[in-house]
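In: the amino acid sequence is not available; the structure is as follows:
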């Protein structure tokens, strides 16, 4: 039997793929019909849960007096860790995340107990009434303290290439820097929510807003003390995830399931916004430092990079997150002689977790800080230094972790963006402007992005799909990925429609469910379409093969073999013969051909040996670059992003509108991380930026007035789904140019001699402090 | 009874908890789950709905976006409450909905209904909004996915031109339905809606523990964030004496319960330099609810308007139903969220004297974000010079630097009679200001930053009001 070839991308007259189809739920979303977990019709026996939390960041939990909680109006049940029949630890990889605190409290806001009541308000009011007896101990709240105490959630990891010590000693020039990098609240507009429905006998069905239904299923089974086949998890759509629902959704689903089983009812648990912000993990804050040696031209000879993630109280995903920071501290630049150390510091904060970029942004920004530092030392434009240090094509192309950078697009991509953004003319204009403007200063920066695509945990790079074709020719596709707004379901629908040459309307992408596709990976690491798109395509190819063979048998002409069958325009064609797709489906059904199949995919080529810090952890790299221009006010530290130009590589775009949406949205989210999004904890470890009144994500006026976004026109050289590239995370780091442009504007105060040490986020306060540190006279300048 | 149109159906509510928010009513009692809860604090806009009511002439409908999460049911008495489910005309999407689809303006979709409703209000209100007006209309809606560009495109594409939708077609019928709603006897046994000062005084006397509110944008947070029960409430919005806006011969008198959006234009006519402060006062849905009286009575040290009122010598007009009295704003605030109001008193109006012809006023607000943020420091200066550029007076008002909004009389005293154009005058003022306050560290700013801003905003003011430095650019954001 000859294998059917894949539907060629270019033989797609109806434009199922490569066209800007609207988001599959767009009409439902704009008309209020799109259902999220909290909008689902409520079962008649539904009760509502709320969680009581620790008021201390660290200490011994002596007792919880729940008398007043039980007595509170409407309360029907209260549970603590003692009421968990199965596993108490719901950590995703390494131990350390108890569903409720046991003997020790580990962070302020840690769940201690849960209440069930007849209304949301009753449950939440009751949860405030516990008398909690904790003997507090001194919390560890900073990376610095954790390192002093050797307090780590996981062992350090190291990467090394060449000989740093020798090369650094021989370097003509050098620079050092330290970078404080803030974390980030996900601020998905839909908060954490789950609804557990006690199913017959010992089964449970859970609707949850989660990026990882299979893990939620596993953890619920473990907590309940049953096997996985008793638990079904259903996830139609999230109101945003960004990594915040990769591991952080499970706890609430588990609590809802526990209460549902105990009380033989349906239970909904939705966190109020403030509790959501306090009790769920965030992007890791980092404290990173570097030493870099270079020559008079600004070419890096040696670099030593020390990376320290503030992991919070437990490992969660921090091992892989700090690894990814290490994997990206080179960004697009060749580091011939380099040491990279990555420490995973334990603090008494909520356990920090996945967030778009997964540590990559916190590593990559070190590379950009080094470029700026070098440029100021050698007196060149930072762009010149960046271009000088880019990875080469045939040489100078080995990463600190031993992976060869192939198909490097950055040189050409930057050249195009440099021209289209008119970088050098604007640089000149800005230099002139700054000479005559004593208060307002302008800055400009071009920064590249090179982001590795694949889960660094190799086993996660697999996906499954399930395809059903019905006898009217319509079909359902189910796959392991989850829809959180990124357009995954839209792209999957396009892929399936393209494979069969049918209308997109005939393809329904159904809710992610653990009873349809099992053992799925989280929708994370930008991999949703790469993995699930290939799995869906695989299912299509299997069914197409059956249909083609059936059709060839029907035609029964020796030259006209199954491999010559073409699916296009709602017809199936073989030589001179042609049949309507729906007709062939019906004939195949009568002919007892299976019209359903699973599909499977695993990413090829990848491997990484942690013991040596060497391998090819990534299938390929996604590239991009951005140019940002800012104005800063040297009296107040206020700033404005005036113009942004982006050129980004998505390979062959499956849906340009969706890809551009990811690029723009990622950029603005990254800009928020680097500017206004300021997480603050008090000295007792309590999060005080705990609501949207005190934690400011970008609003509509922050979108730059000039915002040019283009796709770099080149197919992925690797065999990804239709040679597209992943797009979820890489654009987030395009926002580095905003941070660098603010630094550029500050540097103008010193005639570009000083590299300002600006932390992230660069709030107006941080900007003014930085200005005052390099130019104490700035506020005393006279009117000219 | 509270009567209103829910979309196109008349609804009459006889009894409910006074502190039921509009959002919970829609989602829990009407199963209209298109309206979302994002924060329950009026900060994200996911819960945005639109309220329509007949204009004063009864000839047309006026549409306003509200945050349903911080609004009680009394706010919709006699009005039409529109939710996202009702916008489409059968299978045909409303133009703003269609534009959002066409522009790829929804990703996760959770903020989308709120954006659609804010955009719908803009569609009804403005014939050709520019980008800045779109930003103002949608500044209270947060989107975490798109970066806003497609949403801006959708608004610019769909909100231009005369409204032509089912709402404009059915306008007369809707007005007739609204007129048919019973308006007498408005309110509930738990949620009082007095209509004049006598009724208000009687209500306060009869239910002395009931809390007064106008826009509800702050008091509702006690319910949604602190989980308090407010069993009895008194809405001030129907009290006719509190709705008066009057240009008297000597100043502007603004009724305490007039929403900002109703009096902004008049305030700006007389005090154009408050533009930045008003533009950045919360968000459009909040401005449609929030009142100057509430902003003053709240006595928060970080309220936006008290610094301006201090610098402008405003007078707080207070009433208890029998006795009216005036309190100078500079005497009004007595401590952290404390005022001179007696238990039985309410603010009737705020009187702001017109500016002297030579006055130069600037209002500055510094916050992390431009839209819908609370100030780290707010500073308002009101300068009078004589013909020789000598300082006659410099009134000031500051927020965020003390337990109450505060002015610094010593600043005016120190530089009175000095030549404003002299750097020495600036230095003198700077010295006074740098010694006037001991600000605190909090989530919004450090004490050091606040201290630096006090001085630097004074410097900005000095640069902007001196002829020799006026051409220097001092702002990165334009508020003209």
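Out: Alright, I've got the coordinates. Predicted, not measured: the structure shown is a model, and the values here were computed from it.
In: need the residue closest to the centroid of chain A.
Out: Nearest to the geometric centre of chain A sits residue A:356, at 2.3 Å (CA atoms, centre = their mean).
In: so which residues on the stretch 451-600 of chain A come close to chain B?
Out: For the stretch 451-600 of chain A, the residues in contact with chain B (CB under 8 Å from any CB of the partner chain) are A:484-487. C-beta here means a position set from N, CA and C on the backbone, and glycine is covered the same way.
In: give me that answer again for 10 Å
Out: Within the stretch 451-600 of chain A, the positions adjacent to chain B are A:483-487 by CB under 10 Å from any CB of the partner chain.
In: for the closest residue to residue B:233 other than its chain neighbours, give me its contacts.
Out: Leaving aside its sequence neighbours, residue B:233 sits nearest to residue B:18 (CB to CB, 6 or more residues apart in numbering or on different chains; 4.4 Å). Residues near residue B:18 by CB atoms under 10 Å, 6 or more residues apart in numbering or on different chains: B:72-74, B:187-192, B:210-211, B:223, B:229-235.
In: same question, residue B:140
Out: Going by CB under 10 Å, 6+ apart, the list of residues near residue B:140 reads A:699-700, B:42-45, B:48, B:65, B:67, B:114, B:118, B:282-288, B:371-372.
In: also residue B:476?
Out: Contacts for residue B:476 (CB under 10 Å, 6+ apart) come out as A:439-442, A:630-634, A:636, A:638-642, A:745, A:764, B:370.
In: just give the number of residues close to residue 369.
Out: Let's take chain A. Look at residue A:369: counted by other CB atoms under 10 Å in any protein chain shown, it has 27 neighbours.
In: that's the other chain; I wanted chain B
Out: Neighbours of residue B:369 using other CB under 10 Å come to 21.
In: tell me the phi and psi of it?
Out: Dihedral pair for residue B:369: phi -120, psi 150, per degrees, to the nearest 10.
In: quick check: it touching residue A:676?
Out: Yes: checked against CB atoms under 10 Å, the pair residue B:369 and residue A:676 is within contact range at 5.0 Å.
In: which neighbours do the two have in common?
Out: In contact with both residue B:369 and residue A:676: A:696-699, A:702, A:763-764, using CB under 10 Å, 6+ apart.
In: ok, the residue of the stretch 151-300 of chain A found nearest chain B to residue A:37 distance?
Out: Nearest residue of the stretch 151-300 of chain A to chain B, counting by CB to the nearest CB: residue A:239, 2.9 Å away. Going from residue A:239 to residue A:37 by CB to CB, to the nearest Å gives 9 Å.
In: which one's more surrounded, these two?
Out: For residue A:239 versus residue A:37, the count of surrounding residues by other CB under 10 Å is larger for residue A:239: 30 against 25.
In: which non-adjacent residue is nearest that one?
Out: Distances taken as CB to CB, 6+ apart place residue A:190 nearest to residue A:239, at 2.4 Å, with adjacent residues excluded.
In: that neighbour: what secondary structure?
Out: Residue A:190 falls in the coil class when you classify it by DSSP: H, G, I helix; E, B strand; the rest coil.
In: pLDDT below threshold where in chain B?
Out: B:480 (pLDDT under 70).
In: so where do the strands sit in the stretch 451-600 of chain A?
Out: A:462-469, A:475-479, A:507-509, A:512-513, A:566-568, A:571-574, A:577-580, A:596-602 (DSSP state E, counting those that start in this stretch).
In: mean neighbour count and mean pLDDT added to those strands, as TSV?
Out: Listed next are the strands of the stretch 451-600 of chain A as TSV, based on neighbours: other CB atoms under 10 Å in any protein chain shown; pLDDT from 0 to 100:
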stretch	mean neighbour count	mean pLDDT
strand A:462-469	24	98
strand A:475-479	24	98
strand A:507-509	23	97
strand A:512-513	24	98
strand A:566-568	19	96
strand A:571-574	20	97
strand A:577-580	14	98
strand A:596-602	18	98
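In: got the contact list for the closest residue to residue A:424 other than its chain neighbours?
Out: Closest residue to residue A:424 apart from its sequence neighbours, by CB to CB, 6+ apart: residue A:418 at 7.4 Å. By CB under 10 Å, 6+ apart, residue A:418 lies in contact with A:383, A:387, A:424, A:446, A:625, A:627, A:645, A:647.
In: who are the contact partners of the residue nearest to residue A:239?
Out: A:36-39, A:209, A:237-241, A:245, A:270, A:276, A:484-485, B:36-38, B:46, B:108-111, B:144.
In: please repeat the previous calculation with a cut-off of 7 Å.
Out: Going by CB atoms under 7 Å, 6 or more residues apart in numbering or on different chains, residue A:190 touches A:36, A:209, A:238-240, B:110.
In: contacting residues for the nearest residue to residue A:100 once chain neighbours are set aside?
Out: With sequence-adjacent residues excluded and distances taken as CB to CB, 6+ apart, residue A:100 is closest to residue A:81, at 4.0 Å. Applying CB under 7 Å, 6+ apart to residue A:81 gives the contacts A:88, A:98-102.
In: mind doing that once more with 10 Å?
Out: A:61, A:64, A:88, A:98-103, A:111-113.
In: contacting residues for residue A:212?
Out: Listed by CB under 10 Å, 6+ apart, the contact partners of residue A:212 are A:92, A:218-219, A:233, A:235, A:241, A:245-250, A:354, A:480, A:482, A:512, A:520-524.
In: what's around residue A:458, how many residues?
Out: 15.
In: how much space between it and residue A:648?
Out: Relative to residue A:648, residue A:458 is positioned 27 Å away (criterion: CB to CB).
In: may I see the contacts of residue A:190 organised as TSV, with distance to residue A:74 and secondary structure added?
Out: Putting these into TSV (distance: CB to CB, whole Å; DSSP: H, G, I helix; E, B strand; the rest coil) gives the following:
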residue	distance to residue A:74	secondary structure
A:36	25	coil
A:209	25	coil
A:238	29	coil
A:239	27	coil
A:240	31	coil
B:110	28	coil
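In: output those in TSV; the columns should cover distance to residue B:278.
Out: Converted to TSV, the contacts of residue A:190 look like this (distance: CB to CB, whole Å):
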residue	distance to residue B:278
A:36	35
A:209	38
A:238	37
A:239	32
A:240	31
B:110	30
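In: quick one: which of those residues is nearest residue B:437?
Out: Minimum distance to residue B:437 across these is 40.3 Å, recorded for residue A:240 (CB to CB).
In: excluding residues flanking it in the chain, which one is nearest the residue in chain B positioned nearest to chain A?
Out: Nearest residue of chain B to chain A: residue B:34, at 2.1 Å (CB to the nearest CB). Residue nearest to residue B:34 in three dimensions, not counting chain neighbours: residue A:32, with 2.1 Å by CB to CB, 6+ apart.
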